[in-house]
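Q: pasted the sequence and its predicted model underneath.
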Amino acid sequence: MELILQAIRNGRLDDALADELSKKRFESMLWDYKEIMLLDAAGKAELARDCTAFHNTDGGYILVGVKDKTWKVLGVEESILRAIDQTQINNAIHSYVGERFSVTYRICRINGCPQPLGLIYIPPRQGRPVIIQSNGPQVGRDLYFRQGDIFVRIGDSSKRVTNDIQFEQLWNKETTLITSNSDSTGWEIVEYGFRLPPKPEPLVGREEYKERVLQSLDSKNRWWITSIEGLGGVGKTALASEIVWELYKSNRFESIISVTAKNRELTPSKIMPLKPELVGIDSVVDAVLEANGFSEELKLPLNERIEVVKQLLEMTESLIFLDNLETVDDSRVFEFLKNLPNPTRALVTSRRQPETGEDRIKLEGLNTTNSRVLVNKLIEEYQIPYTVDEHDRDRVTKISGGLPLAIIWLIGQIRLQNSTAFLSNINGEVPEIPEQILEFSFRNMFNLLSDDQRLILKLSALVPDESFNLEQYMHLTEWGRDRTNKAINGLVQSSFFIRNESETGSTFTVLPITASFAYQELMSMGDYVTTVRTKLREMQYRQRDANTIVDYLQSLFHGRNEAEQLAVGLAKAAAEEYAAGNYEKGREFFEQAEAYYDKSPYLFYTRATSELNAGNSGHAYVYFDRATRLIERPTSKDSVVWKIWGQALKQEGNWREAVDKLAIALSLNEKDPYCLHMMAFCQSKLGQYPAADKYYTRALEIIEQNNPKQKQLTLTSQAQNLYQWGRDLDRALELTYQIEKLPGSKRRIHSLRADIQRKIKANNSSY
């Protein structure tokens, strides 16, 4: 129960949580199951009642795709879940209770369920309870509910409040919440015309960004909106607040109106909900009117208040500062910003911005030097210098990824625990960053990403210490160039990805803290993780063989006559068109090349690999066959043709034919460790476990000591083969301990070792 309460406080909405809820097998005051979600008249009323009941109590979740009473997890056809979006759900709720609260909806996938589930998050209330504002539909002779009803969650049901004790309990909860949040933000009017955020602490390492923002807000700049963007916890609000206070002190603007939409804050123990000031256009308009003394105009209808504010902003050089704008769903706020009258300017912190009129400034994390300065500064302020040695300071600097809020949280934990022992658990290749930091820094922005962007971000955690390029992501996703490039560019703009330029092209990296979040999301994808790891291994080995392939192709490149040279040149051009996604043009070039000279192995091998990368494996096999028939006296260099052919067959699960092609490749080059590894893998899939074991052993004899990743992969596969075989399990167990000594993530091997130990125990108990 505490895990779910923590999830509600953090606003979690992910596959792992859906999996946890699906295993409960009972309903409670914190969660409810539904087999299907209908938005007909009765369905809307039921949804509004249940969500209001959760909201009035402690918040909660509704998991869609679980059969009522039996708790059998069935899932729901994805097209049905996608036909209902978050806006439709909130409109159904708002039609009965107004816009006092909104829910969040996500489609989730869990292990063991072939179909996805829907997960709805209902936040806990802040302030007075929500009351039903209109009658529900007719049910028999009565109404589903009536105007004025108040619903709460009691046990596993949504119940109408009917007695004085329940009303008193609700009132006590309300007054406690109001008291605790009445002065939660500190954003207030400091003098006529000026509503400012709280004064921030002096910043570290932000001088360059501060100067850029001030230049952007200069009246000579053609942009009227300055947008500070970046990850949660990177310090957007702190930077903007310091700038706003400096502008206030320098009398740069005649009026400054600041409003925040921040709905939570990270404390050393948890994420605390806050009551946001900015929830829609009325919040902005009323803040301007109130700060400028127009109290009577606050009683006007909204459209009239907006017109008054526009006239006011036309007459004064004002600055509108809107903080945490990404959490605002009211499109009228964005329209208001896009149409701000001159000379008013806007400063916003967010990721989702108006499409025009903005100067976007991406705020990155602190560099290593400034991170360390902040670490030392906080240690001195908290008076804990003797608790934190140099090594621990380095660890905090590395784990934080340069996010100031993460540094503050980590040092706060050290102060609370009076120990640095917990750091050893979160300092690894994929650091296991505490959930509070990850949820606070990433969840809101992650939920705003497209499905393609989310998948690319998850894949970035496959090898956290390596950076992938565009072509590698295309291979892992099996998408075209344009689709992959669009997703990557979105991640760069959202500050999730860092673009690195070199002579060989662009690669994309993530901060260690981002990798931790991405890894957490990736691990919730179940069987897909195994599939994509296989693709990754094949991609890595293909890259390792790239030089061999290039040498092989270069040996064939120079044609023996003018016709062959022309054909080879056209084939090369065709391959480039395929790589760019221009398949029709590429096919024209290949056909022209074949018309000039149809005896070149290079031509058909190039077409085979091009068709393969385009997803046309059937065509690829035809051209692999034609290429191999033209190689009259195969040498070790030619082994690559049969090897890539065998690899393609392996990818499709055609184990037997893959074995045939790989056997030819090994007959030409018996010391290729990747070819041996693939042969072993295919033999294992065919149930030929002894043969597979021999091939894995031969591969390990060849793998160089300076290639620990390849060694780890082959040792793991060999241990897995022995486990499936059910023989020599003690050796399989010993292999897992050898793997543990190698660098890299240990999560998979720990799981395999546990499986092996269970099988050994079962075997022993049967005797």
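A: Here it is on my side, so go on. In this text the structure is predicted, and so the values were computed from the model without any measurement.
Q: do you know how far Asn582 is from Ser610?
A: Distance, Asn582 to Ser610, by CB to CB, to the nearest Å: 11 Å. For glycine as for every other residue, the C-beta is placed from the backbone atoms N, C-alpha and C.
Q: of the two, who's got more company?
A: Set Asn582 next to Ser610 and count neighbours by other CB atoms under 10 Å: Ser610 wins out with 24 against 15.
Q: for that one, grab phi and psi.
A: With angles defined as degrees, to the nearest 10, Ser610 sits at phi -70, psi -50.
Q: what kind of secondary structure is Ser158 in?
A: Secondary structure state of Ser158, per DSSP: H, G, I helix; E, B strand; the rest coil, is strand.
Q: run through the bridge partners of it.
A: Per DSSP bridges, residues listed as beta-bridge partners of Ser158: Arg153.
Q: hmm, Ala45 and it touching each other?
A: No - in this structure Ser158 lies outside contact range of Ala45 using CB atoms under 8 Å: 11.4 Å.
Q: right, and Ile93 touches Asp50 too?
A: No - taking contacts as CB under 8 Å, Ile93 lies outside contact range of Asp50: 9.6 Å.
Q: torsion angles phi and psi at Leu196?
A: According to degrees, to the nearest 10, Leu196 has phi -120, psi 160.
Q: any idea how far it is from Leu363?
A: 20 Å.
Q: which one is Asp14 nearest to, not counting chain neighbours?
A: Nearest residue to Asp14, sequence neighbours excluded (CB to CB, 6 or more residues apart in numbering): Ser524, at 6.1 Å.
Q: any idea how far Asn111 is from the one you found?
A: Ser524 is 9 Å from Asn111, by CB to CB.
Q: shared neighbours of those two, anything?
A: Taking CB atoms under 8 Å, 6 or more residues apart in numbering as the contact rule, Ser524 and Asn111 both touch Asp19.
Q: those two: which is more packed in?
A: Neighbour count, other CB under 10 Å: between Ser524 and Asn111, Ser524 has more, with 20 against 11.
Q: quick check: that one touching Asp15?
A: Yes - counting by CB under 8 Å, Asp15 is a contact partner of Ser524 at 3.4 Å.
Q: common neighbours of the two, please.
A: 109-110.
Q: and Ile93 and Asp50? which has more neighbours close in?
A: Ranked by neighbour count (other CB under 10 Å), Ile93 and Asp50 place Ile93 first, with 25 against 21.
Q: which SS class is the more buried one?
A: helix.
Q: how near is it to Thr327?
A: On the measure of CB to CB, Ile93 and Thr327 end up 18 Å apart.
Q: before we move on, what about Glu211?
A: Applying CB to CB to Glu211 and Thr327 gives a distance of 28 Å.
Q: repeat for Lys572
A: 52 Å.
Q: in the stretch 101-250 of the chain, which spans are strands?
A: 104-108, 117-122, 138-139, 142-143, 151-154, 157-160, 188-191, 194-196, 225-229 (DSSP state E, counting those that start in this stretch).
Q: relative to Arg305, which of those strands is closest?
A: strand 194-196 (16.1 Å; CB to CB).
Q: helices or strands up against the closest one?
A: Strand 194-196 sits against strand 188-191, helix 236-249, strand 255-260, helix 281-291, with contacts defined as 3 or more CB pairs under 8 Å, 6 or more residues apart in numbering; DSSP states H and E.
Q: contacts for it?
A: Strand 194-196 is contacted by residues 187-190, 244-245, 248, 255-259, 287, 290-291 when judged by CB under 8 Å, 6+ apart.
Q: biggest separation within those residues, which pair?
A: Taking CB to CB as the measure, those have their most distant pair in Trp245 and Glu290, spaced 19.8 Å apart.
Q: the two - which one has more neighbours?
A: Trp245 (18 against 15).
Q: pretty sure Ser56 contacts Asp149?
A: No, residue 56 isn't Ser; it's Asn. No - between Asn56 and Asp149 there is no contact, the gap being 11.0 Å when judged by CB under 8 Å.
Q: more neighbours: these two, which one.
A: Between Asn56 and Asp149, counted using other CB under 10 Å, the more crowded position is Asn56 (26 against 19).
Q: which residues sit in contact with the more buried one?
A: Contacts of Asn56 by CB under 8 Å, 6+ apart are 125, 129-130, 150-153, 170.
Q: if you set the cut-off to 10 Å instead, what comes out?
A: Taking CB atoms under 10 Å, 6 or more residues apart in numbering, we find Asn56 in contact with 97, 101, 122, 124-125, 128-131, 150-153, 158, 161, 170, 173-174.
Q: only the buried subset of those, as a PyMOL command please.
A: This is the PyMOL syntax for the buried subset of those, where burial follows 16 or more other CB atoms under 10 Å:
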select buried, resi 97+101+122+124+125+129+130+131+150+151+152+153+158+161+170+173+174
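Q: show me what contacts Arg748?
A: Neighbours of Arg748 in contact, by CB under 10 Å, 6+ apart: 529-530, 533, 712, 716, 720, 739.
Q: what's the residue nearest to Ala53 when sequence neighbours are not counted in contact with, if anything?
A: Nearest non-adjacent residue to Ala53, counting by CB to CB, 6+ apart: Ser158, 3.6 Å away. Neighbouring residues of Ser158 by CB under 10 Å, 6+ apart: 29, 32, 46, 49-54, 56-57, 145, 151-152.
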